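>>> sequence isn't available, so here's the structure alone:
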C-alpha cells in the first residue's frame, strides 16, 4: 500500500486590486504581494482571474492554486502547491 507524502504547499498573502487595465504583479509591500487583476469583483470573477493569472505566471495548473481566505476581500491568503517560497518569490519578482 502506497503512503501519500505531504504535498509541497506554500501560502502567500496577496492584496488584489480588481478592475485594473490589465492583470499584473505590482510589488511586494507590507508582507503582501500586490497584484492587479483586470476582472471586476463581481460573482467571483476577480478570484477566478487571479487563479488563472497566477497559474500562467507561475507555470502551474489552476488546481495547484487555491484561495484559502479572503474570498470577498482585497486581502487573501493563497495556497500554491508545487513551488517553494523561494521559487514563488523569484517568479513574482520577475526573475522567472
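Nice, I can see it. Source: prediction; values computed, not measured.
>>> let me know the helix or strand that the residue nearest the centre of the chain is in.
Nearest to the geometric centre of the chain sits residue 54, at 4.9 Å (Cα atoms, centre = their mean). Taking DSSP states H and E as the criterion, residue 54 maps to helix 45-58.
>>> still on that earlier bit, wait, the residue nearest to the centre of the chain sits on residue 76?
No: assessed by Cβ atoms under 8 Å, residue 54 is found out of contact with residue 76, at 10.7 Å. Where C-beta positions appear, they are placed from N, C-alpha and C, glycine not excepted.
>>> what's residue 89 sitting at in phi/psi?
Main-chain dihedrals, residue 89, degrees, to the nearest 10: phi -60, psi -40.
>>> and the lengthiest strand in the chain with helix 45-58, angle?
Determined from DSSP state E, the single longest strand within the chain is strand 9-17. Strand 9-17 and helix 45-58 are oriented at 130 degrees to each other (axes from the mean of the first three to the mean of the last three Cα atoms, to 10 degrees).
>>> next SSE after strand 9-17?
Taking DSSP H and E, what comes next after strand 9-17 is strand 24-29.
>>> can you give me how far that following strand is from the chain middle?
Averaging C-alpha positions (Cα atoms, centre = their mean, to the nearest Å) puts strand 24-29 11 Å from its chain's average.
>>> elements contacting it?
Secondary structure elements in contact with strand 24-29, counted by 3 or more Cβ pairs under 8 Å, 6 or more residues apart in numbering; DSSP states H and E, are strand 32-36, helix 85-92.
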